[in-house]
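J.: Starting from these lines, generate the structure:
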Amino acid sequence: TFDPLPFADGQWNVEEYCRQINLSVVSQSADRLDLSFDLIKVEAPIANALRRVLIAEVPTMAIEKVFLYQNTSCIQDEVLCHRLGLIPIYADPTKFAFPPPPDPSKQQQINTDVLDEEPAGDSKRNLIFNLHSVCPSVQTIFSELCLKLNVFNHFFILNSSKDEKVKKKRSAKSADGSDLGDGCVREPGDSGNWVLYTSAFKWIPIGSQRNQFSTDPPRMVHKDIILAKLRPGQEIEARCHCVKGIGRDHAKFSPVATATYRMLPQIKLKKRNFTDDQAKRLQSSFSSGVIGKDEKGRVYVKDARSDTSSRNVFMHDDLKDAVEMTKDKTHFIFTVESTGSMPAHQLVTEACEIMKDKADYLRKQIEEKLA
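T.: Residues are numbered from 1 along each chain as shown. You can find the predicted model right below:
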């Protein structure tokens, strides 16, 4: 339960309530993925609704189907596919439609042969990414080393078409041979492992998508996420189909890494005169910067906002009655961390629009019932 905000005339008024609401942006990271803002003069249910919508109802694009054509790495097929599904994708979900609901009449007649066939994809509903990387064989690695050292050995002449293809594909690598240019990088040291990163994904446009996203093509948010490690001769080839969804259906669609809020702490010192030992213990009982000292050595509340509400001050018998700690129940400090699919401020705006649509739907339903 909660008490409604007080009004001058003692009557709750929607217009007056909306006028009192204030949103103040505190900070935003340079990449616009981390956002901190204050939501003032609202109740906890409103703040919590915004948090839950951010987590579970703002749509994004994520990998839904993985057509795995080759996987000779040590990681199992199902584990690899599950890992691919959790990779955040940079794409504007407003440009896509939700997938159609499943047809119940066809659920009882599943044809495994049909499911194994890769569909062409729908430009209005899907994104397709191709993943194909081959770790060079021992022959290829040794031959490249021989060429680098100007050593010729007839035994290690490349006569395999597959190795020739791999060699040509990696002809643009850096001088030290570490960057393969296709998302697979040699692991430091002499382990012989090659690391496959998300930079190996290649976007495959469907229909008119190339023109539609010519200025800002879809891609993986981060290029340095490790997908797997390959030994010489191992290969991974897959085609990934993405769809639009929400976090309520699957966590991979959630657009935020974290979306949290806390009430603004309020700290009041009931007395001003503390001994040096008490002042030192009082400062150490709170987070750094919360309690300050003036020129005369008297302590005061410097920044209550930074307090983490540890309540350590109540462990000291001579200090627990000198401090009063409360929280402002109408002032919420929000922290939103986007996964990268959209900027954090855009996620908050979208969440507010979703909440507005829900309120409009509820009002419409009530009006229809009362009509």
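J.: in the stretch 151-300 of the chain, which spans are helices?
T.: For the stretch 151-300 of the chain, applying DSSP state H, counting those that start in this stretch gives helices covering 161-169, 209-212, 276-284.
J.: What are the buried residues along the last one?
T.: The reference is to helix 276-284. Under the neighbour-count criterion of 16 or more other C-beta atoms under 10 Å, helix 276-284 has 278, 279, 281, 282, 283 buried. Quick note: C-beta positions are derived from backbone N, CA and C, even for glycine.
J.: how near is the last one to residue 297?
T.: Distance, residue 283 to residue 297, by C-beta to C-beta, to the nearest Å: 12 Å.
J.: and what of the first one?
T.: Distance, residue 278 to residue 297, using C-beta to C-beta: 12 Å.
J.: who touches both of the two?
T.: Listed contacts common to residue 278 and residue 297 are nil; contacts here mean C-beta atoms under 8 Å, 6 or more residues apart in numbering.
J.: Give me the neighbour count for residue 90.
T.: 17 (other C-beta atoms under 10 Å).
J.: thought it was touching residue 340?
T.: Yes. Applying C-beta atoms under 8 Å as the test, residue 90 and residue 340 come out as touching, 6.1 Å apart.
J.: Between the two, which contacts overlap?
T.: In contact with both residue 90 and residue 340: residue 221, using C-beta under 8 Å, 6+ apart.
J.: low-confidence ranges in this protein?
T.: Within the chain, the stretches with pLDDT under 70 are 1-10, 105-116, 138-182, 189-191.
J.: buried residues in the longest strand anywhere in the chain?
T.: Determined from DSSP state E, the single longest strand within the chain is strand 323-338. Neighbour-count burial for strand 323-338 flags 323, 330, 331, 332, 333, 334, 335, 336, 337, 338 (criterion: 16+ other C-beta under 10 Å).
J.: where does the residue nearest to residue 334 when sequence neighbours are not counted sit relative to residue 363, distance-wise?
T.: Leaving aside its sequence neighbours, residue 334 sits nearest to residue 261 (C-beta to C-beta, 6 or more residues apart in numbering; 4.7 Å). For residue 261, the distance to residue 363 equals 26 Å [C-beta to C-beta].
J.: For these two, indicate the residue with more neighbours.
T.: residue 261 (17 against 10).
J.: hang on, isn't the more buried one packed against residue 46?
T.: No. At 10.6 Å, residue 261 does not count as touching residue 46 under the criterion of C-beta under 8 Å.
J.: residues shared between the contacts of those two?
T.: With C-beta under 8 Å, 6+ apart, residue 261 and residue 46 have common neighbours residue 39.
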